[in-house]
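In: Sequence first, predicted model second:
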Amino acid sequence: MYALLTQSLPLTLKESGTFAIRIFLGSLLLAIAAQISIPAWPVPMTLHVSAVLFLGFASSPSVAVGSVLLYLFEGAIGLPVFAGFSSGIAKFFGTTGGYFFGFLMAAYLVSTLKSKASTFLSQYVVAVLGGASILLCGTLYLSSIVGLKTAFVTGLLPFVIKMFVEAGLTTVTARFLKKI
């Protein structure tokens, strides 16, 4: 992970400041997206997926992954950045823990694969892969807590259509912002 973050680190102090600001702004985007949620058990529906996919499309792998890492660190040390203004290490071991780790995978996947995707359809596929990686990590981890059937019914199925819609909206947004 360290190699990923440092491989594209800027060389000058000014560029380093810009890099840090981008990571901070990315973590802020994730914190805001977490607060736009529909409470549900065992996992709330938030705009996290859209934010992670957007970070992947809008930034380098080091900034996208760095933003997610900073966001997770902020929550771990007690800043109220998780859904419902919650925080704490216990969140990593609860029902949402796997989704958090899926954010890292999705940020890396989308930010890395976006350069190979030039058409809307190929970018949409990249976004779906990112969203699916979040759901896969989240559901697998959730199954260790609530069982596979419950994880599938409550942690995957309700989010599948949402993920496809978010992938489309994020792809459209990223393409639009790239043009302007």
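Out: Structure received.
In: the strands in this structure, which residues?
Out: 37-38, 45-46 (DSSP state E).
In: among those, which gets the worst mean confidence?
Out: Mean pLDDT is lowest for strand 37-38 among the strands of the chain, at a mean of 84.
In: what stretches of the protein score poorly on pLDDT?
Out: Scanning the chain for pLDDT under 70 picks out the ranges 1-15.
In: hmm, 90 instead?
Out: Across the chain, residues meeting the criterion (pLDDT under 90) sit at 1-19, 37-45, 154-155, 158-159, 175, 177-180.
In: Next, name the residue at the spatial heart of it.
Out: residue 52 (3.0 Å; Cα atoms, centre = their mean).
In: Roughly how far does residue 131 sit from residue 50?
Out: Residue 131 sits 9 Å away from residue 50, going by Cβ to Cβ, to the nearest Å. Glycine gets a C-beta too; all of them are placed from N, C-alpha and C.
In: For those two, list the residues in contact with both.
Out: residue 166 (Cβ atoms under 8 Å, 6 or more residues apart in numbering).
In: which one of these two has more residues nearby?
Out: Comparing residue 131 with residue 50 by other Cβ atoms under 10 Å, the one with more neighbours is residue 131, at 27 against 22.
In: how about the nearest residue to that one, chain neighbours excluded?
Out: residue 163 (4.0 Å; Cβ to Cβ, 6 or more residues apart in numbering).
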